[in-house]
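> got a predicted model here, sequence first, then my questions.
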Amino acid sequence: MSGKTLAAVAAFCLFTLFIIAGTSHAASPDEAYNKTSSALYAKAKQEGELIVYTVWDVEHIVAILQGFSKKYPGIKTTYWQGRNPEIVTRTITEFRANRASVDAILSDNAPPVLRAAGAIMPYETAQKEALLIHDPTMPVVSLQVQALTYNTKRIKAPELPKSWENVATPKYKGMVALDDPMRAGPLSTQLAALKDFWKDEAKWSAFVKGLKALNVPVHKSTSAMFRLVIAGEYAIAMPALLHDVMNEKEKGTPVEYIKTATPIVFPRYAAVYAKAPHPNAAKLLTEWLISPDGQATLDSVGREASRKGFPSKTSIENAYGTGTQPVAVHDKLFMEDPQKWLDMHVKPIWAK
């Protein structure tokens with residue numbers, strides 16, 4: 001065998017060993033979390049504080065921050081709770097004033113808007129392989145899961161719609177509790193997701209027109225709307241949130257969801273503010289929220305997991321079956337400026 005041949009064989013063997021070594025030593029999400037969180041915690045303890053803005057319920061954020069403090073003592077936590085528009089206005093005002101005011105923002109709609117304004121520090125979680133939906137700039141720590149839901153005393157199985165689009169038919173006129181499609185809420189999220197998923201403008205327009213033809217009032221509170229379905233004033237919720245449905249089912253409330261209607265999801269983020277005074281504490285919070293311990297804390301307050309295979313009553317795998325592929329929102333304009341998207345696509349149909 002010539003010297004050149006031996007050199008080629010040796011190079012090939014070294015390359016093969018490199019590939020095998022890289023594969024065998026690829027860190028699992030748990031290993032990546034342990035390594036990353038250890039480094040972040042050392043720095044976060046020196047920062048000593050964590051400030052959070054959130055749209056989540058007060059009792060939820062209190063439980064979450066208590067869980068974080070138990071896992072990582074020595075970091076003082078504070079929060080401010082508001083609606084998404086309030087969080088956006090406050091954060092952008094502080095960003096433009098160059099104020100180091102907040103560290104992490106826990107929300108759904110607000111972070112993409114803030115990112116478009118340059119007010120978010122890009123951060124990719126070390127546990128990205130564990131996530132159902134991954135954003136390389138803002139960790140997805142939970143999901144909003146929409147479920148097509150009905151009152152079992154108001155409508156029986158043979159009469160049920162089999163899909164979201166089936167609801168927008170004359171058969172269900174006056175029977176549907178309808179979220180306001182012109183607010184940045186669950187129904188507008190659904191419309192954006194389905195428009196991209198169907199890729200059929202005629203079908204999507206007919207769907208919006210069909211919802212309008214149901215001739216029902218629209219609601220600006222998803223939870224209040226769901227209460228009307230529970231009370232039997234309406235037969236169908238368009239839409240309900242999966243964690244609300246599961247909680248009511250456990251209480252014996254006469255509600256059920258339709259598994260043939262594909263779940264529609266919207267990410268809930270833990271975003272790091274661009275001028276965070278305690279950036280390592282903010283990054284540590286995002287990593288902990290994605291970890292099994294953090295996901296369990298989120299699950300305990302009724303929020304859906306974003307982690308694959310997480311054992312939860314509100315997980316997509318549990319509620320709809322293993323292998324279920326949800327429909328997610330991908331439209332960049334909707335994510336960054338939902339009102340502009342609605343004015344462009346929904347308003348011309350809905351205002352007629």
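Arrived safely, thanks for sending. Note that the coordinates shown come from a computational prediction; the quantities given were computed from them, not determined experimentally.
> just give me the neighbour total for Ala100.
15 (other Cβ atoms under 10 Å). Placement of C-beta: from N, CA and C, glycine included.
> ok, now which ones touch the residue nearest to Glu165 when sequence neighbours are not counted?
Once flanking residues are discounted, Glu165 sits nearest to Phe207: 5.3 Å by Cβ to Cβ, 6 or more residues apart in numbering. Phe207 is in contact with 164-165, 168, 191, 194, counting by Cβ atoms under 8 Å, 6 or more residues apart in numbering.
> gap between Phe207 and Phe334?
To Phe334, Phe207 is 16 Å away according to Cβ to Cβ, to the nearest Å.
> the residue positioned nearest the centre of the chain: which element?
The centroid of the chain falls nearest to Pro267 when counting by Cα atoms, centre = their mean (2.1 Å). Assigned by DSSP states H and E, Pro267 belongs to strand 264-273.
> circling back: which SSE is the residue nearest to Glu165 in?
helix 201-212.
> show the pLDDT at the residue lying closest to Phe310 once chain neighbours are set aside.
Distance criterion Cβ to Cβ, 6+ apart; nearest residue to Phe310, sequence neighbours excluded, is Gln295 at 5.1 Å. You'll see Gln295 listed with a pLDDT of 96.
> residue contacts, Trp56?
Here Trp56 is in contact with 64, 81, 106-107, 303 (Cβ under 8 Å, 6+ apart).
> sec struct for it, please.
coil (DSSP: H, G, I helix; E, B strand; the rest coil).
> need the contact list for Lys209.
By Cβ under 8 Å, 6+ apart, the neighbours of Lys209 are 168, 349.
> repeat that for 10 Å
By Cβ atoms under 10 Å, 6 or more residues apart in numbering, the contact set of Lys209 is 168, 349-350, 352.
> are any of those buried, and which?
168, 349-350 (16 or more other Cβ atoms under 10 Å).
> that older thread, so what pLDDT did the residue nearest to the centre of the chain get?
94.
> that one reaches Pro112, doesn't it?
Yes - contact status for Pro267 versus Pro112: in contact at 8.8 Å, counting by Cβ atoms under 10 Å.
> which neighbours do those two have in common?
What both Pro267 and Pro112 touch, as defined by Cβ under 10 Å, 6+ apart, is the set 135, 138, 329, 335.
> tell me which of these is nearest to Phe310?
Asp135 (18.0 Å; Cβ to Cβ).
> the closest one: what secondary structure?
coil.
> partners of the strand holding Pro267, with directions?
strand 104-107 (antiparallel), strand 120-121 (antiparallel), strand 140-151 (antiparallel), strand 327-328 (parallel) (DSSP bridges).
> now the helix or strand following that strand: mean pLDDT?
Per DSSP H and E, the first helix or strand lying C-terminal to strand 264-273 is helix 279-290. Averaged across helix 279-290, pLDDT comes to 98.
> likewise stretch 141-152?
Stretch 141-152 shows an average pLDDT of 96 in the prediction.
> with stretch 221-238 instead?
96.
> quick one: low-confidence ranges for the stretch 1-150 of the chain?
Scanning the stretch 1-150 of the chain for pLDDT under 70 picks out 1-26.
> cutoff 90 now
Applying pLDDT under 90 to the stretch 1-150 of the chain picks out residues 1-27, 132.
> what ranges do the helices span in it?
Using DSSP state H, counting those that start in this stretch, the helices of the stretch 1-150 of the chain run over 3-24, 29-47, 58-71, 84-96, 110-116.
> deepest-packed of those helices, please.
Highest mean neighbour count among those (mean count of other Cβ atoms under 10 Å): helix 110-116, with a mean of 24.
> now for it, which elements pack on it?
Using 3 or more Cβ pairs under 10 Å, 6 or more residues apart in numbering; DSSP states H and E, the elements in contact with helix 110-116 are strand 49-54, helix 84-96, strand 104-107, strand 120-121, strand 264-273, helix 332-336, helix 338-345.
> which among these is found nearest to Gly323?
So among the helices and strands packed on helix 110-116, strand 264-273 is nearest, using Cβ to Cβ, at 15.2 Å.
> for Asp108, list the residues it contacts.
Asp108 neighbours (Cβ under 10 Å, 6+ apart): 55-56, 84, 140, 142-144, 184, 186, 189, 266-269, 329, 335.
> on that earlier part again, as a markdown table, the strands paired with strand 264-273 with mean neighbour count and distance to Ala276 would be great.
Converted to a markdown table, the strands paired with strand 264-273 look like this (neighbours: other Cβ atoms under 10 Å; distance: least, Cβ to Cβ, whole Å):
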| stretch | mean neighbour count | distance to Ala276 |
| --- | --- | --- |
| strand 104-107 | 26 | 7 |
| strand 120-121 | 21 | 6 |
| strand 140-151 | 26 | 17 |
| strand 327-328 | 18 | 27 |
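> go through those strands and name the closest to Asp200.
Proximity to Asp200 (Cβ to Cβ) singles out strand 327-328 among these, at 13.8 Å.
> starting at the chain centroid, how far to the closest one?
10 Å (Cα atoms, centre = their mean, to the nearest Å).
> ok, and what's touching that strand?
132-133, 143, 146, 164, 189-190, 192-194, 196-198, 262-267.
> buried among those? Make that a PyMOL selection.
Here is the PyMOL command that selects the buried residues among these (16+ other Cβ under 10 Å):
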select buried, resi 132+143+146+164+189+190+192+193+194+262+263+264+265+266+267
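> SS state for Pro239?
Pro239 - assigned by three-state DSSP - is strand.
> so it sits right up against Val167, yeah?
Yes - between Pro239 and Val167 there is a contact at 9.2 Å, judged by Cβ under 10 Å.
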